[in-house]
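Trainee: Show me how the following folds:
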Amino acid sequence: MLKVLIAEDSLILADMLEDFLVSEGYEVCGLARTVEEAVLLADLHKPDLAVLDYRLAQRGFGSEIRPLLKDKVTMGILYV
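Mentor: As a prediction, the model looks like this:
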């Protein structure tokens, strides 16, 4: 089962995406609203895929997440 991280500042959209991914057989390892939250979740869970909103809360950008990861894991990224 593929593990997915969702970084989306709109909780309604994040919840809907999580419900859809779970119904399709994916494991969602967490929802993040900020760059910092996404980095913590990615470092902790080592997801296979990240669905990243380009604009996040606290004036963050999804493109800032990958360079901040401790382990440069081979995580697929989908920007939305």
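
Trainee: Give me the pLDDT for the nearest residue to L78 once chain neighbours are set aside.
Mentor: Nearest residue to L78, sequence neighbours excluded (C-beta to C-beta, 6 or more residues apart in numbering): V51, at 5.1 Å. Backbone N, C-alpha and C define where each C-beta goes, glycine included. Looking at V51, its pLDDT reads 98.

Trainee: In which helix or strand does V51 reside?
Mentor: Per DSSP states H and E: V51 is located in strand 49-52.

Trainee: elements contacting that strand?
Mentor: strand 3-7, helix 35-45, strand 76-79 (3 or more C-beta pairs under 8 Å, 6 or more residues apart in numbering; DSSP states H and E).

Trainee: circling back: OK, contacts around the residue nearest to L78?
Mentor: Taking C-beta atoms under 8 Å, 6 or more residues apart in numbering, we find V51 in contact with V4, L5, I6, A7, E8, L17, L78, V80.

Trainee: rewinding a little: next SSE after the strand holding V51?
Mentor: Heading C-terminal from strand 49-52, the first helix or strand you meet, by DSSP H and E, is strand 55-56.

Trainee: Work out the sheet partners of the next helix or strand after that following strand and label each with its direction, please.
Mentor: Next helix or strand after strand 55-56 toward the C-terminus (DSSP H and E): strand 60-61. If you go by DSSP bridges, strand 60-61 pairs up with strand 55-56 (antiparallel).

Trainee: buried residues in the longest helix seen in the chain?
Mentor: In the chain, assigned by DSSP state H, the helix with the most residues is helix 11-23. For helix 11-23, the neighbour count (16 or more other C-beta atoms under 10 Å) marks A14, L17, E18, L21 as buried.

Trainee: Equivalent analysis for stretch 41-58, please.
Mentor: L41, A42, P47, D48, L49, A50, V51, L52, D53, L56, A57.
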